[in-house]
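Q: sequence and predicted structure below; questions after.
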Amino acid sequence: MQPTSAYIQDQLPNQAAFTSQNWTLGRIAWHTVTAIGIIASRIGLSFEAPTKDYPVPSSSEFISNSYQQASDALVQTVKNQLADKNLGEELEIYGQKITKGEILFFLIQHQIHHRGQMTILMRQAGLTVPGLYGPSKEKWAEMGMEAPKL
């Protein structure tokens, strides 16, 4: 099954920009890709994934494919390189003691945070927002049903 963030990234146009002062939709999407390997490396996990956050690739298809590859690699690496008993091991990161399990939880929260940003920018740009945790208004329409009232 495709991760929910990948569903969002499949909907991205090539480098949809909104202002020069803020990250573009493509920039946020690429950040979610590179963050997988960068954050996982903090707890000693090693797998092939992009870690160079800039420049942002110009192809949304490349970004989406890279996300899928990185997230699949993370899942396999966690299964192969990390045991449950290791999740409570503490590390010092950015001057704080934090467990490996908390870092993995942070990785999930980080993805959710940026997924939310991407869905808002997609809606503002008039793009189709995929249903992630139930139907989006577009999915309701596809099913021939009226979306819940605001």
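A: Sure thing, it's come through. Numbering: from 1, shown residues only.

Q: show me what secondary structure element comes after the lowest-mean-pLDDT helix or strand in the chain.
A: Lowest by mean pLDDT, DSSP states H and E among the helices and strands of the chain is helix 4-10, with a mean of 62. Where DSSP states H and E defines the elements, the next helix or strand beyond helix 4-10 is helix 25-41.

Q: what's the average pLDDT for that following helix?
A: Mean pLDDT, helix 25-41: 96.

Q: and what of stretch 108-122?
A: In this model, stretch 108-122 has a mean pLDDT of 93.

Q: residues of it that come out buried?
A: Buried residues in stretch 108-122, defined by neighbour count with 16 or more other Cβ atoms under 10 Å: 110, 111, 114, 115, 117, 118, 119, 121, 122. (Each C-beta comes from the backbone N, C-alpha and C, glycine too.)

Q: that stretch: how far from the chain's middle?
A: Centroid separation between stretch 108-122 and its chain, computed with Cα atoms, centre = their mean, to the nearest Å, is 7 Å.

Q: can you check stretch 69-89 too?
A: Computed by Cα atoms, centre = their mean, the chain-centroid distance of stretch 69-89 equals 17 Å.

Q: need the contact list for residue 28.
A: Each residue near residue 28 by Cβ atoms under 8 Å, 6 or more residues apart in numbering is listed here: 114, 117, 118, 121.
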